[in-house]
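Peer 1: Give me coordinates for this.
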Amino acid sequence: MSLALAACGGDPTLEGTYEGKTTVPGMDYPPTWSLTITSHMMADGVVFVLGSWGISGIGLQAGGEISGTFDDPDLTLTFASASSANCGYNVSATWQGDEIEGTYSAMACFVVAEGSFSLSRK
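Peer 2: Residues are numbered from 1 along each chain as shown. Below you'll find the model as predicted:
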């Protein structure tokens, strides 16, 4: 799973590129994810994040838009799919400087897909 954070304003330590794999129950070859947060802004004491995401591997190519919140150290994100042929995901993660770890679950999807991930700053 690859994660690139390029935040506007706010906490500069949130910016960076992170990479890692997901852990998918019952699978030996997990896909690689990419996540780019292109902005974060504060409104009414809440930090909102926007960006894009992608998954590749095991015959899967998917991606779309990200929206969510950041309440240091917690990230709560929604991955909306750019294609109706692929799932979107709900993501709950913890940011700890050079590491981001969390879980995901598919939403409004024809399959059950859930797992965890661990990312390291590149």
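Peer 1: Every contact and neighbour count from this point should use C-alpha atoms.
Peer 2: OK.
Peer 1: Return the distance of the nearest residue to Val24 once chain neighbours are set aside relative to Ser92.
Peer 2: Using Cα to Cα, 6 or more residues apart in numbering and skipping the chain neighbours, the partner closest in space to Val24 is Gly115 (4.9 Å). Relative to Ser92, Gly115 is positioned 11 Å away (Cα to Cα, to the nearest Å).
Peer 1: Which residues are in contact with each of these two?
Peer 2: Taking Cα atoms under 8 Å, 6 or more residues apart in numbering as the criterion, Gly115 and Ser92 both touch 103-104.
Peer 1: How confident was the prediction at Ala85?
Peer 2: We have a pLDDT of 86 for Ala85.
Peer 1: Over to the one 3 residues further on?
Peer 2: For Gly88, the pLDDT comes out at 91.
Peer 1: cool, Asp11 as well?
Peer 2: Asp11 is given a pLDDT of 49.
Peer 1: Point to the residue nearest the middle of the protein.
Peer 2: Compute the mean C-alpha point of the chain, and by Cα atoms, centre = their mean the closest residue is Leu35, 5.0 Å away.
Peer 1: mind checking which helix or strand it is in?
Peer 2: strand 32-43 (DSSP states H and E).
Peer 1: Which SSE is immediately downstream of that strand?
Peer 2: Strand 32-43 is succeeded, C-terminally, by strand 46-57 (DSSP H and E).
Peer 1: Strand partners (parallel or antiparallel) of the very next helix or strand once past that following strand?
Peer 2: Moving toward the C-terminus from strand 46-57, the next helix or strand (DSSP H and E) is strand 60-71. If you go by DSSP bridges, strand 60-71 pairs up with strand 46-57 (antiparallel), strand 74-81 (antiparallel).
Peer 1: How about strand 60-71, which residues are buried there?
Peer 2: 62-70 (16 or more other Cα atoms under 10 Å).
Peer 1: Run the angle between it and strand 32-43 for me.
Peer 2: Strand 60-71 and strand 32-43 are oriented at 30 degrees to each other (axes from the mean of the first three to the mean of the last three Cα atoms, to 10 degrees).
Peer 1: sorry, back to before: now do the strand holding Leu35, average pLDDT.
Peer 2: Strand 32-43 comes out at a mean pLDDT of 77.
Peer 1: Many thanks, I have nothing further to ask.
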